[in-house]
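I would like to see how this sequence folds:
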Amino acid sequence: MTSRAPLSAFANRAPYVVAVLLIFVLVGWHAQFISVGMISHFDEYYTFERSVSFARMEDWWAVYSRNEPTLKKPPLQYWMIAGLMELGVSDVIALRAPSLLFAGLTLCATGLLARIVLPQHPWAVASAVLIVASSQSFWSNATSAMLDQGAAFFVTLGLVTMLLAFERPRLWPLFAFVVFLGGLQKGPVALGFLLFAVLALAVTAKLQDVPLRARLRNRWFLGSLFLALVLAFSWQLLQDWRFAQDDAIGGSVEKEMINRFVPSVGDEAARTWTTIRWLILGNEPIPRLIGFLGLLVIPFSLKRPLLLGLTGIAFIFVVIMWMASGNVYARYMLLLTPLLAVGTAGLFVTLLRKDHFAALAGIALSVWIGGPFFGNAQLGLEAATRNGATFDEILHPVGAALQPDEILIVCAWDRPMRIPPGAYTVYAAGTAHFIRLRQDNLTEALDDWGYTGGPLRGVCSPSEMAQIADRFDGFATQTLPGGYLHWTASGLKAGS
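Predicted coordinates for the structure are as follows:
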């Protein structure tokens, strides 16, 4: 009898050991690629400019974009990147390493979520981790300089703490702390997901074994909800206080996170089925559909009606993505990827009954969709170029020549030749402000700047340059790599 005890203990721990080893192996595999090439996505250069701004502007308590304070995004990941740069880590590794760290943490949080949702099925933990890790979009974000991977971690951790707190109210302050960290990363999404869960539980009140009022009417929930609301917007409150008299500060949590998802009204604003299919299912339709189906089934198959809160989160999120009046992107589905993986693992357990069979089904799904190991080409880590030249090569000569008394003007209405504004900040502008023309409105832009005369310097494509070249005095151009024109002028012609 005693000889079987160690074997039994090992068998009980085996699923969790496998999950942990899987996480270490997968993060280690993909770590080899974070030094490859250079960042390439348009928004990654916003991350670059904001991360270098702390040291350049000598201000670690504000985020700067185009060398002006901004509230468009909070600072957590930018702080991490800037700290690595201060330690001498190369730019490309510093920019990508936090996302890879958050990927590993997201896999851990996925395992925790599976453990809470499916406590009687330990192999579902490893299965859910494997299914998430078999998503190409997951690792594409994990090896990028975007903020979405960190947001996915804090959302998943928020789901973990929310479920625990529904059962043990004393844990609601922990949920509030996760909301705070998520708010410092990208936005307080976990707080919105709590609202979705409460709505879903209210709609399904007749199915619940514990009344929703009993779950929410306690001092731990009410106090923590107030605390979460304050902490969620604490960064914005600090910036509003610091820059109360500064009209230059742009963006806000409301504009970036809330107003973007306000539902549109009218057929002209509705997204087509093709668009919504891409937004929600992307290039991973089968595993995501299985995940949605699993979230519908498991509250009933497990006889745990509380899990209908998770079902509501997933489906309300889809409706909001469909109806959103602002710009939404397919990468936002990364927020749901761990939850859908848990739904998939739960569906396999429901259908196959035995943990081992369900785990084999998870492995089969992983193999079918391509497995959890991705290469450089699949992750798209090549440096962004224009006509064979990198942004650094294009813009470095401009930054080296820029004088303190010159106004830097960059053209950005020739879409195929458009360079991300963050690249101008990093490689050309230094700590100076600059004018970015989204259309041929040079005179109006200079008037808004308060220009009364003086030297100008800029970068435009040949087609853009042809539209504005005749407005300058003392005009001269040089050709930059990539076919751009680097121009200087002593000023504007009279009457321009």
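
rest of the way, CA atoms for contacts and neighbours
Will do.

pLDDT below threshold where in the stretch 251-400 of the chain?
Scanning the stretch 251-400 of the chain for pLDDT under 70 picks out 251-259, 264-271.

and the strands in it?
Along the stretch 251-400 of the chain, counting by DSSP state E, counting those that start in this stretch, strands occupy 385-386, 389-390.

give me the most central residue, this structure.
Centre of the chain computed as the mean C-alpha position; nearest residue by Cα atoms, centre = their mean is residue 148, 1.6 Å away.

so what's it up against?
Applying Cα atoms under 8 Å, 6 or more residues apart in numbering, we find residue 148 in contact with 141, 186, 331, 332, 334, 335.

which one of these is nearest to residue 53?
Residue 53 has its nearest neighbour among the contacts of residue 148 in residue 186, at 17.6 Å by Cα to Cα.

how many residues are close by that closest one?
Per other Cα atoms under 10 Å, the neighbour tally for residue 186 reads 24.

now the one 5 residues further on
Counted with other Cα under 10 Å, the burial measure for residue 191 works out to 25 neighbours.

what about it, which helix or strand?
According to DSSP states H and E, residue 191 maps onto helix 189-203.

that helix packs against which elements?
helix 148-167, helix 172-185, helix 212-216, helix 308-323 (3 or more Cα pairs under 8 Å, 6 or more residues apart in numbering; DSSP states H and E).

swap the cut-off to 10 Å and go again
Packing contacts for helix 189-203, counted by 3 or more Cα pairs under 10 Å, 6 or more residues apart in numbering; DSSP states H and E, involve helix 148-167, helix 172-185, helix 212-216, helix 219-232, helix 308-323.

now those in CSV, with distance to residue 434?
Below are the helices and strands packed on helix 189-203 laid out as CSV (distance: least, Cα to Cα, whole Å):
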stretch, distance to residue 434
helix 148-167, 28
helix 172-185, 27
helix 212-216, 51
helix 219-232, 32
helix 308-323, 34
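
indicate which one of the ones you listed is closest to residue 260.
That would be helix 308-323 among these, by Cα to Cα, at 9.8 Å.

give the other helices and strands that the closest one contacts.
Secondary-structure packing of helix 308-323 (3+ Cα pairs under 10 Å, 6+ apart): helix 148-167, helix 189-203, helix 273-281, helix 285-301, helix 337-352.

just give the number of residues close to residue 40.
So residue 40, with other Cα under 10 Å, has 19 neighbours.

actually residue 21, sorry about that
If you count neighbours by other Cα under 10 Å, residue 21 ends up with 12.

which SS class is it?
Here residue 21 is helix, with the state taken from DSSP: H, G, I helix; E, B strand; the rest coil.

rewinding a little: ok, the contacts of residue 148 vs residue 46, which is closest?
Using Cα to Cα, residue 186 is the member of the contacts of residue 148 that lies nearest residue 46, at 13.3 Å.

am I right that the closest one is in contact with residue 151?
Yes. Between residue 186 and residue 151 there is a contact under Cα atoms under 10 Å: 6.0 Å.

need the residues touching each of these two.
Common neighbours of residue 186 and residue 151, using Cα atoms under 10 Å, 6 or more residues apart in numbering, are residue 77.

list the buried residues in stretch 72-87.
72-85 (16 or more other Cα atoms under 10 Å).

what's near enough to touch the closest residue to residue 134 other than its chain neighbours?
Leaving aside its sequence neighbours, residue 134 sits nearest to residue 372 (Cα to Cα, 6 or more residues apart in numbering; 4.0 Å). Residue 372 is in contact with 22, 26, 29-30, 129-136, 138-139, 366, counting by Cα under 10 Å, 6+ apart.

how far away is residue 95 from residue 66?
For residue 95, the distance to residue 66 (Cα to Cα, to the nearest Å) stands at 18 Å.

what do you get for residue 207?
On the measure of Cα to Cα, residue 207 and residue 66 end up 53 Å apart.

again, but for residue 48
To residue 66, residue 48 is 11 Å away according to Cα to Cα.

mind putting the buried residues of stretch 72-87 in a markdown table, pLDDT included?
Formatted as a markdown table, those follow (pLDDT from 0 to 100):
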| residue | pLDDT |
| --- | --- |
| 72 | 90 |
| 73 | 92 |
| 74 | 96 |
| 75 | 97 |
| 76 | 98 |
| 77 | 98 |
| 78 | 98 |
| 79 | 98 |
| 80 | 98 |
| 81 | 98 |
| 82 | 98 |
| 83 | 98 |
| 84 | 98 |
| 85 | 98 |
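
now, the residues you listed that are in helices?
With helices taken from DSSP state H, the overlap with the buried residues of stretch 72-87 comprises 76, 77, 78, 79, 80, 81, 82, 83, 84, 85.

how close does the last one sit to residue 96?
Computed with Cα to Cα, the distance linking residue 85 and residue 96 is 12 Å.

picking that back up, from the ones in helices among the buried residues of stretch 72-87, which is closest to residue 215?
residue 76 (32.2 Å).

and the closest one, how far from residue 98?
Distance, residue 76 to residue 98, by Cα to Cα: 10 Å.

overlap of the contact sets of these two?
In contact with both residue 76 and residue 98: 147, 150, using Cα under 10 Å, 6+ apart.

what is the neighbour count of residue 226?
Neighbours of residue 226 using other Cα under 10 Å come to 12.

so it makes contact with residue 176?
Yes. At 8.8 Å, residue 226 counts as touching residue 176 under the criterion of Cα under 10 Å.

this completes my enquiry, with thanks.
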